[in-house]
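Participant: Give me a 3D structure for the following:
(one chain, ligands or ions: 1)
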Amino acid sequence: MFHFSKFVATMGAAALLATGVSAQDMILRSSDTHPDGYPTVEAVKYMGQLLERYTDGKIGIEVAHSAQLGEEADTIEQTRFGAIDLNRISLGPFNGLVPATRIPSLPYIFRSEAHMRTVMDGPIGDEILAAFEPFDLIGLAFYDGGSRSFYNSKKPITSLDDLKGLKFRVMQSDIFVDMVKALGADAVPMPYGEVYSAIQTGVIDGAENNPPSYDTSGHYEVAGYYTFDQHLIVPEILVMSKMTWDKLSADEQAAVKMAAKNSVAYERGAWDSQVLASRNKVAAAGSEIITEIDKQPFIDAMGPVYEKYVDSPELKDLVARIQATK
Ligand code: GTR
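Facilitator: A predicted model of the protein is given here:
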């Protein structure tokens, strides 16, 4: 949906002419669960600046951060129906809708964050972006969401044994429920915005996320033990509503794609600095960060998850191609 700039509405065209200020014809509204200043929020703002430049000021972007437009699972539907133009969101909540997103959401599918970036920058990333179109969404670009690890309020986790009996919040996708079960713990799928109070009130013992989310959500205040087991490296995606996309001219569509692609390096730069800043901040606040952990038993436990979700020849091939990517 396009929104005429508030600026035009309040000043009126005559006033604009008089002041020589040009206003955008359309503002695309973009959703993000994270607060202002978070790398993904800043990257979409940066994309907006590029888009304004590429369209001679005609199209801009307004980022509705801090889940103002709803929790991720709900914003997917709103984006499909055109109530939200752009959405920066994890691939996780798409697992039920877009089968190809299951593969980069599998535990330990990427050997490292660098491997993830290489895969998503190449032909496999393009295929996954294209897989959104039948679901009324246009995949524009992938951002980095780092590695996700477990944190909890009870005790330091240094081995699989320590996970037993603990209950963790996961994103709303069955893959993550099965992943936690395969590791011997319990999982509760829950919207991101409910996690803080669920830990605080003891409904769950902890959750799993990357250091910037652990920091900016405040979860470190209620769950002081963070273990770098790095079980997931789930890319973030920026999608556009196909309803919005279809209203753009071919030139405008190309400008949107280019602006999105050219914001990726910006996000990655901001991401890398934020990971360091968040690690330092939570450590200074008293979190115990456990980095010495043997990941091999965690990796070995994931067999049943792969068996269940890599359930077609196409998905098996995708896994093999990701693993073969250097
Ligand atoms: C963050 C991710 C969000 C959201 C959140 C969650 O790392 O950037 O898009 O998926 O995790 O756990 O819900």
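Participant: rest of the way, CA atoms for contacts and neighbours
Facilitator: OK.
Participant: Please compute how far the helix or strand harbouring residue 168 lies from its chain's middle.
Facilitator: Assigned by DSSP states H and E, residue 168 falls within strand 167-170. Chain-centre distance of strand 167-170: 18 Å, with CA atoms, centre = their mean, to the nearest Å.
Participant: Phi and psi next, for the residue positioned nearest the centre of the chain.
Facilitator: In the chain, the centroid-proximal residue (CA atoms, centre = their mean) is residue 90; its distance is 2.7 Å. Torsion angles at residue 90 (phi, psi; degrees, to the nearest 10) stand at phi -70, psi 150.
Participant: does it have beta-bridge partners, and which?
Facilitator: Taking DSSP bridges as the rule, residue 90 bridges to residue 236.
Participant: In the stretch 1-150 of the chain, what residue spans correspond to strands?
Facilitator: With DSSP state E, counting those that start in this stretch, the ranges of strands along the stretch 1-150 of the chain come out as 26-31, 59-64, 86-90, 137-143, 148-152.
Participant: which of these sits most buried?
Facilitator: strand 86-90 (a mean of 27; mean count of other CA atoms under 10 Å).
Participant: quick one: that one to strand 137-143, angle?
Facilitator: Here the directions of strand 86-90 and strand 137-143 differ by 60 degrees (axes from the mean of the first three to the mean of the last three CA atoms, to 10 degrees).
Participant: Give the closest residue to residue 144 in space, chain neighbours not counted.
Facilitator: Sequence neighbours aside, residue 235 is the residue nearest to residue 144 in space, at 5.5 Å (criterion: CA to CA, 6 or more residues apart in numbering).
Participant: Not counting sequence-adjacent ones, nearest residue to residue 234?
Facilitator: Computed as CA to CA, 6+ apart, the closest residue to residue 234 that is not its neighbour in sequence is residue 105, at 5.2 Å.
Participant: Pull the contacting residues for the one you found.
Facilitator: 91, 92, 95, 175, 232, 233, 234, 235 (CA atoms under 8 Å, 6 or more residues apart in numbering).
Participant: my read: residue 240 touches residue 141, true?
Facilitator: No: if you go by CA atoms under 8 Å, residue 240 and residue 141 don't touch, sitting 10.1 Å apart.
Participant: What's the first helix or strand after the strand holding residue 168?
Facilitator: helix 174-182.
Participant: which other helices and strands contact that following helix?
Facilitator: Applying 3 or more CA pairs under 8 Å, 6 or more residues apart in numbering; DSSP states H and E, one finds that helix 174-182 makes contact with strand 167-170, strand 186-189, helix 303-309.
Participant: Right, I'll call it a day here.
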